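1. task: produce atomic coordinates for the following.
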Amino acid sequence: MGSGMAQYFSYKSMEIFKKHECDYWLSYSAAAAAAGFNLKIGGKMLFEFPYDNFKDCGKSVLTNMCDGAKSLKTIIGRVDKTWPSIQRYA
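-> Numbers count the residues shown, from 1 in each chain. Presented below is the predicted three-dimensional model:
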């Protein structure tokens, strides 16, 4: 996995969470790569919303996502467990 902007912003967010003594973080991952990264750093998926379920007049409104994502994933993680693994992306 590359070290793009998403990883950088995740790292900076984790710094802020630690500074404010947060216990948990939550992510709504629209792209497959973002969801993969959040799971890789220790997040657990709470639930997901398949894009096929977002319809207007019976037609899907979310199609051809940029990286082939099929759903919006809601992912939660513990700051103390994530911090060691996310430091690689600083």
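2. so who does Asn38 touch?
-> 10, 27, 29, 73, 75, 77 (CB atoms under 8 Å, 6 or more residues apart in numbering). Yep, even glycine has a C-beta here, placed from its N, CA and C like the rest.
3. any idea how far the third one is from Lys19?
-> Using CB to CB, to the nearest Å, Ser29 is found at 23 Å from Lys19.
4. the more surrounded of these two?
-> Ser29 (22 against 8; other CB atoms under 10 Å).
5. I figured the more buried one hits Leu72, correct?
-> Yes: the pair Ser29 / Leu72 is scored as a contact, 7.0 Å apart, by CB atoms under 8 Å.
6. as a markdown table, the contacts of Asn38 with distance to Ser85, pLDDT and secondary structure would be great.
-> As requested, the contacts of Asn38 are exported to a markdown table (distance: CB to CB, whole Å; pLDDT from 0 to 100; DSSP: H, G, I helix; E, B strand; the rest coil):
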| residue | distance to Ser85 | pLDDT | secondary structure |
| --- | --- | --- | --- |
| Ser10 | 11 | 86 | helix |
| Ser27 | 15 | 93 | strand |
| Ser29 | 17 | 89 | strand |
| Lys73 | 18 | 94 | strand |
| Ile75 | 14 | 97 | strand |
| Gly77 | 10 | 96 | strand |
